[in-house]
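> Here's a sequence, model it:
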Amino acid sequence: MSRFYYYLILVNMVSNIIASVPVILLYFHKEGAISSMILSVVVGTIIITVYTRFFNNFPGMTLPELLQKTTAKWFYNPFIFLLGILWFIAGMITLITFSFLLIRYLTPETPITQISLVLTISVIFGCLMKTNRVLYTIEIILILTFPLIFYIYLAAYSSKNLRWDFVRDAVLYFNQLPSFYAFSASFFLFLGVANIFIFNRFFTVKQKFGLKQIIFIVVTSTFALSTTYFIPIGFNGFEHIKDFIYPWISTSDSIRMKYFIIERVLFIFLLFYLGIAFLSILIHWHVSIEFFKFVFHLEKIKWKGVKIGIFLPLPFFIGISTYFVKRLDEYQLVRLSGIFYNSLSILFPLMIILFLFIKRRMKYAKNNEQN
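Purely as a prediction, here's the structure:
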């Protein structure tokens, strides 16, 4: 598979380590969090495999194009519009999360509206770039940020402050039945593959996806989930871990870099994770805008020969994000995120049925063309 394919999956896994996912998992630390993560690895790997192999059969084609060829207009327009809203919400949740983090830990004197507007404007125009340029931007930022983030993970695992007794206490609850909320939160880490709905236009050549690629995904996702869940417990204890709003912030502040310019990892962790958050929002909102462009034919809206249609979603993105940043608090954001994750854990497995229908219709159309 192309390296850009893995970027889409890795960014979604890494960016959500600091968001609402660990909060939800740790809240259910005695109510099936571990079994939920194990189940999510199985289901998530199946979803990634099915999605990837499906789009591998149609190189260079996006989901809207496939739906247009195989379904009626009354179905694909509302459905694609719904997907556009879901991708917008996914990006907005990340935006609000990092707005809260910045005002709490880095810029407490700055109005939160100003912080969110700065983040939104820094991302929003990047969403209008062509798909290949978005992927190149992702690669550049990942090259700059990922090595240090990976080093922080290694520093966490090797830290003397990590108490493995707490981790063993957590493992003892592996026999609890899975929780739907915990499963949905951990399952969300696997949904980066769904960005291929639009980014498949970049993969014009059929990719190789076999056992090696599946093993890589299983190992990577298991490491991401284990790190998300067990490291905060190892640093902060097992009994009261569910009371933390940002467990990974407390965890990163417990790590020291003895031979670095800045000893406290917290500030480096936040700044570099801000880059990952930028990528997550950029990917989600780029896909969302592409969905809306297809539904409303935005590229055909012109004024004095200038294509102004592609800019029409931007005021809505900025206005809605700013409104929810001002109205929500951290606890409401976690609840909203939980509901959002629950809906996705139902929708995306069901989409396999739609893929089977599309594949059958495309095969039927191809046979008619040959005859």
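
> List the buried residues of stretch 126-135.
126, 127, 128, 131, 134, 135 (16 or more other Cβ atoms under 10 Å). Yep, even glycine has a C-beta here, placed from its N, CA and C like the rest.

> quick one: the strands in the stretch 251-371 of the chain?
302-303, 306-307 (DSSP state E, counting those that start in this stretch).

> and of those, who's closest to residue 346?
Minimum separation from residue 346 across those (Cβ to Cβ) falls at strand 306-307, 37.0 Å.

> Give me the below-cutoff pLDDT ranges for the protein.
1, 257-264, 365-371 (pLDDT under 70).

> Setting aside sequence neighbours, what's the nearest residue to residue 63?
Of all residues not flanking residue 63 in the chain, residue 197 sits nearest, at 4.0 Å (Cβ to Cβ, 6 or more residues apart in numbering).

> should've said residue 298
residue 309 (3.5 Å).

> Can you tell me the element the closest residue to residue 325 other than its chain neighbours falls in?
Of all residues not flanking residue 325 in the chain, residue 116 sits nearest, at 4.2 Å (Cβ to Cβ, 6+ apart). If you go by DSSP states H and E, residue 116 is part of helix 112-124.

> Neighbours of residue 273, how many?
23 (other Cβ atoms under 10 Å).

> Enumerate every residue touching the residue nearest to it when sequence neighbours are not counted.
The shortest distance from residue 273 to any non-neighbouring residue, by Cβ to Cβ, 6+ apart, is to residue 18 (5.5 Å). Neighbouring residues of residue 18 by Cβ atoms under 8 Å, 6 or more residues apart in numbering: 97, 101, 246, 248, 249, 273, 277.

> Closest one to residue 26 out of those residues, please.
residue 248 (9.9 Å).

> Tell me which other helices or strands whichever strand or helix holds that closest one touches.
Assigned by DSSP H and E, residue 248 belongs to helix 247-252. Judged by 3 or more Cβ pairs under 8 Å, 6 or more residues apart in numbering; DSSP states H and E, the packing partners of helix 247-252 are helix 20-27, helix 131-158, helix 211-236, helix 265-296.

> Please save the CA atoms from it in CSV.
Taking C-alpha atoms only, helix 247-252 is exported to CSV below (Å, rounded to 0.1, in the frame of the first residue of the first chain):
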residue,chain,number,x,y,z
PRO,A,247,-5.6,12.0,31.6
TRP,A,248,-2.8,12.3,29.0
ILE,A,249,-2.0,15.8,30.0
SER,A,250,-1.4,14.7,33.6
THR,A,251,0.6,11.8,32.3
SER,A,252,2.8,13.9,30.1
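
> how far away is residue 21 from residue 33?
11 Å (Cβ to Cβ, to the nearest Å).

> overlap in contacts of those two?
Joint contacts of residue 21 and residue 33 (Cβ under 8 Å, 6+ apart) do not exist.

> so where does residue 176 fall, helix or strand?
Counting by DSSP H and E, residue 176 is found in no helix or strand.

> I'd say it and residue 34 touch.
Yes - look at residue 176 against residue 34 with Cβ atoms under 8 Å: they come within range, at 7.4 Å.

> Show me which of the two is the more surrounded one.
residue 34 (24 against 17).

> The more buried one reaches residue 177, doesn't it?
No - counting by Cβ under 8 Å, residue 34 stays clear of residue 177, with 10.9 Å between them.

> how far out from the middle of the chain is stretch 265-279?
15 Å (Cα atoms, centre = their mean, to the nearest Å).

> Please apply the same query to stretch 322-332.
Centre to centre, stretch against its chain (Cα atoms, centre = their mean), the figure for stretch 322-332 is 20 Å.

> re earlier: confirm the residue nearest to residue 273 sits in a strand?
No - looking at residue 18 with DSSP: H, G, I helix; E, B strand; the rest coil, it is coil, so not inside a strand.

> Go through the helices and strands packed on helix 247-252 and name the closest to residue 81.
When the helices and strands packed on helix 247-252 are compared by Cβ to Cβ, helix 265-296 sits nearest residue 81, at 5.0 Å.

> Name the residues of that closest one that are buried.
Those buried within helix 265-296 under the rule 16+ other Cβ under 10 Å are 265-266, 268-270, 272-296.

> before we move on, what about stretch 38-54?
38-41, 43-45, 47-52, 54.

> With stretch 215-224 instead?
217, 220, 221, 224.

> got it, and stretch 235-243?
235, 236, 238, 241, 242.

> Now do the contacts for the first one.
If a contact means Cβ under 8 Å, 6+ apart, then residue 235 has 156, 159, 161, 162, 163, 250, 251, 254 as its contacts.

> Closest to residue 363 out of these?
Nearest to residue 363 among these, with distances taken as Cβ to Cβ, is residue 156, at 49.1 Å.

> Tell me how many other residues crowd the closest one.
Neighbours of residue 156 (other Cβ under 10 Å): 23.
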